[in-house]
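> Requesting a structural model of the entry that follows:
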Amino acid sequence: MITQPHRRRRRIGPAVAVGLVLAGSLAGLGPQASTASSHREAPLIASDPAADNTDLYAFVSPERPGYVTLIANWIPFEEPDGGPNFYPFATDAAYNINVDSDGDAKADAVFRWTFRNVDRRGGSTFLYNDGPVTSLDDKNLLFKQTYTLSSSFGGGPFRTRVSDAPVAPSRIGAASMPDYQKLRDQATVQLPGGWKLFAGQADDPFFLDLRVFDLLYGGDLSETGTDTLAGYNVNSLAIQVPFRDVALGGDAERNPVIGVWTTTDRPKVRVAGRTELGPRSGRVQVSRLGNPLVNEVVVPANLKDAFNSISPDQDAGIPAVVKRVTDPELPKLIEKSYGVPAPATPRNDLVEIFLTGITTKADGPIKADLNSQLNNQDVNAGRFRPAEMLRLNLGVPVAGQPKRLGVLAGDLQGFPNGRRLTDDAVDIAVQAVEGAAQTGKLVDALAAGDKVDANDNPFADTFPYLALPNQGAVNGGGTAGGTPPRMGTGPAAATPGAAPSLAPVSALSAGRPEVTTGILVAGIGAGSLATVLALWWLRRRRAAVAAARADDTIPF
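The predicted model follows:
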């Protein structure tokens with residue numbers, strides 16, 4: 001049930017114990033340091049962006065003692081000007097944040113969002129809004145969404161906590177939404193008992209240079225320093241709940257460590273024209289995310305779709321997945337490109353980071369007790385199951401000055417102990433796969449990382465913490481994170497200030513009647529469309545006959 005806010009008691013045991021153990025083990029990791037998170041990471045989910053988890057964050061709420069904040073994002077690469085439909089949540093999907101408190105890799109708490117459209121456009125307009133929108137109830141807002149949040153604890157039935165709660169709309173632009181902060185505030189709600197909720201669009205908080213896929217930043221680290229996600233938005237779900245709602249036995253003093261992952265469920269059978277997800281509909285999991293970067297750079301291509309479909313309790317039973325952790329590919333690629341020797345295998349340090357949490361109780365190489373559920377006093381160690389999830393120790397005090405490299409920089413509240421919005425996940429992960437967590441030393445050759453050290457937009461100090469969504473085109477028209485338009489390098493590239501040339505188009509379209517037709521349609525206009533189509537059909541017909549005669553193929 002929803003519980004009332006409570007005053008956090010002094011955490012002497014878990015917090016001090018963690019600090020003392022880690023101070024000796026990780027003090028040698030200096031503050032300097034160096035693959036997207038889950039953006040289009042697997043073949044199937046790449047074609048279903050509304051169900052694609054992009055990132056997960058879990059951290060102790062800095063301004064609200066005794067509360068944990070969980071943020072999950074969906075729909076990668078939302079171009080702010082992507083109208084007229086923009087970016088609604090799917091109404092035939094269920095969006096879940098799962099929490100494991102006892103280490104058996106099964107959810108002890110599940111928070112589930114489902115969405116409903118309120119569409120007043122009908123046959124009268126194509127517009128998202130037909131005038132300035134000053135509130136979520138403004139009659140000018142023609143399309144909006146509401147959500148139902150349900151929760152389940154201890155494997156019990158789901159209980160509806162709120163229904164018809166407002167979703168912050170896609171940010172259309174300054175003319176349509178002159179005060180978007182007001183809309184964000186109206187979509188941030190607090191329930192009786194203390195839970196805070198937000199659903200809506202936000203600036204994509206993940207920062208990195210995605211040219212890692214071009215042979216690891218060009219093979220010589222020359223392709224770094226550009227925040228690929230600057231200017232793009234995502235759809236976010238954020239929830240803030242008391243520690244006792246997610247801790248084992250409701251006691252975060254004795255049991256401060258939790259594991260978190262997100263999933264998206266789709267109906268097993270999807271029928272065209274039926275978009276609502278019924279309460280008894282059979283569902284199948286289509287997306288999953290815990291730690292950042294795992295499905296991108298740990299899981300091989302032939303296992304990516306399978307990883308998205310299984311639950312964490314199955315991870316340890318799939319040898320191919322475990323092997324990619326104990327014998328990872330990325331260090332070998334770095335050695336090939338940059339001559340940095342790959343650490344010796346098996347990589348039991350990565351097993352701690354990704355599968356068990358950092359603990360001395362698993363006899364791993366990282367001699368520290370930080371964020372494994374095995375450290376919970378009331379855990380049944382016999383039921384513990386190694387599994388990929390984002391683990392967080394709720395007892396670690398909030399850092400006064402967060403460091404972007406988290407634990408590697410001596411900031412024990414940072415990634416991989418949970419994940420804050422400001423944690424530089426790419427640079428931390430690269431150093432981790434190079435063995436920094438077990439050696440206590442950063443790899444100097446990769447210290448600069450991808451040279452993207454912070455988000456393009458500042459985060460807020462209060463819930464939901466996310467930056468407001470960007471407005472304006474990413475390709476140069478954005479008010480935040482925009483970059484100059486990239487000019488092409490081929491023969492059709494335009495020269496700024498010069499009149500366009502038709503010669504390259506003519507050359508490209510030679511012998512291609514469909515290209516010529518496209519140019520003719522654009523130039524002639526709709527009034528002559530029938531004539532153009534007739535000419536196109538005749539040319540295609542003649543070409544087909546000529547080809548048939550040339551190879552004696554009988555056309556059917």
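
> dump the residue contacts of residue 402.
Residue 402 makes contact with 411, 413-414, 420, 422-423, according to C-beta atoms under 8 Å, 6 or more residues apart in numbering. (Glycine included, C-beta is placed from N, CA and C.)

> Local confidence estimate at it?
For residue 402, the model assigns a pLDDT of 96.

> if I look at residue 106, how far off is residue 389?
For residue 106, the distance to residue 389 equals 11 Å [C-beta to C-beta, to the nearest Å].

> Pick out whichever of those two has more residues nearby.
Using other C-beta atoms under 10 Å, the more surrounded residue of residue 106 and residue 389 is residue 389, with 29 against 15.

> Would you agree that one is in contact with residue 288?
No: using C-beta atoms under 8 Å as the test, residue 389 is too far from residue 288 to be in contact (9.7 Å).

> Overlap in contacts, those two.
Contacts common to residue 389 and residue 288, judged by C-beta under 8 Å, 6+ apart, are residue 261.

> count of residues packed around the closest residue to residue 307 other than its chain neighbours?
Spatial nearest neighbour of residue 307, excluding adjacent residues (C-beta to C-beta, 6 or more residues apart in numbering): residue 299 at 5.0 Å. For residue 299, the neighbour count with other C-beta under 10 Å is 22.

> quick one, what contacts residue 299?
Applying C-beta under 8 Å, 6+ apart, we find residue 299 in contact with 307, 321, 324.

> Is residue 54 in a helix, a strand, or coil?
strand (DSSP: H, G, I helix; E, B strand; the rest coil).

> rewinding a little: from residue 402, how far off is the residue nearest to residue 307?
On the measure of C-beta to C-beta, residue 299 and residue 402 end up 29 Å apart.

> what's the answer for residue 261, then?
Counting by C-beta to C-beta, the gap from residue 261 to residue 402 is 23 Å.

> Also residue 454?
Applying C-beta to C-beta to residue 454 and residue 402 gives a distance of 11 Å.

> now swap in residue 59 and tell me
From residue 59 across to residue 402, the span is 9 Å (C-beta to C-beta).

> what do the two both touch?
Contacts common to residue 59 and residue 402, judged by C-beta under 8 Å, 6+ apart, are 413, 420.

> Got phi/psi on the nearest residue to residue 50 once chain neighbours are set aside?
Nearest non-adjacent residue to residue 50, counting by C-beta to C-beta, 6+ apart: residue 90, 4.0 Å away. When read as degrees, to the nearest 10, the backbone of residue 90 gives phi -70, psi 130.

> Would you state the strands of the chain in chain order?
53-60, 67-78, 94-100, 109-119, 143-153, 159-166, 188-190, 196-203, 233-242, 257-267, 283-289, 390-393 (DSSP state E).

> Which one of the ones you listed lies nearest to residue 443?
Of all those, it is strand 390-393 that lies closest to residue 443, at 23.7 Å by C-beta to C-beta.

> and the closest one, how far from the chain's centre?
How far strand 390-393 lies from its chain's middle: 17 Å, per C-alpha atoms, centre = their mean, to the nearest Å.

> Average pLDDT for that strand, rounded please.
Summarised as a single mean, pLDDT over strand 390-393 is 98.

> what does stretch 315-334 contact?
By C-beta under 8 Å, 6+ apart, stretch 315-334 touches 35, 105, 216, 297-300, 303, 307, 310, 340, 342-343, 345-348, 350-351, 354-355, 385-388, 430, 433-435, 446.

> Would you point out the helix or strand in the chain whose mean pLDDT is lowest?
One helix or strand of the chain scores below all others by mean pLDDT, DSSP states H and E: helix 503-509, with a mean of 32.

> Where does pLDDT dip in the stretch 51-200 of the chain?
The stretch 51-200 of the chain contains no residues with pLDDT under 70.

> Excluding chain neighbours, give the residue nearest to residue 241 in space.
residue 195 (5.4 Å).

> which residues sit in contact with the one you found?
2, 161, 239-241.

> Dump these into JSON lines; add distance to residue 83 and neighbour count as well.
What follows is these, written out as JSON lines (distance: C-beta to C-beta, whole Å; neighbours: other C-beta atoms under 10 Å):
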{"residue": "2", "distance to residue 83": "38", "neighbour count": "15"}
{"residue": "161", "distance to residue 83": "33", "neighbour count": "20"}
{"residue": "239", "distance to residue 83": "29", "neighbour count": "24"}
{"residue": "240", "distance to residue 83": "32", "neighbour count": "20"}
{"residue": "241", "distance to residue 83": "35", "neighbour count": "25"}
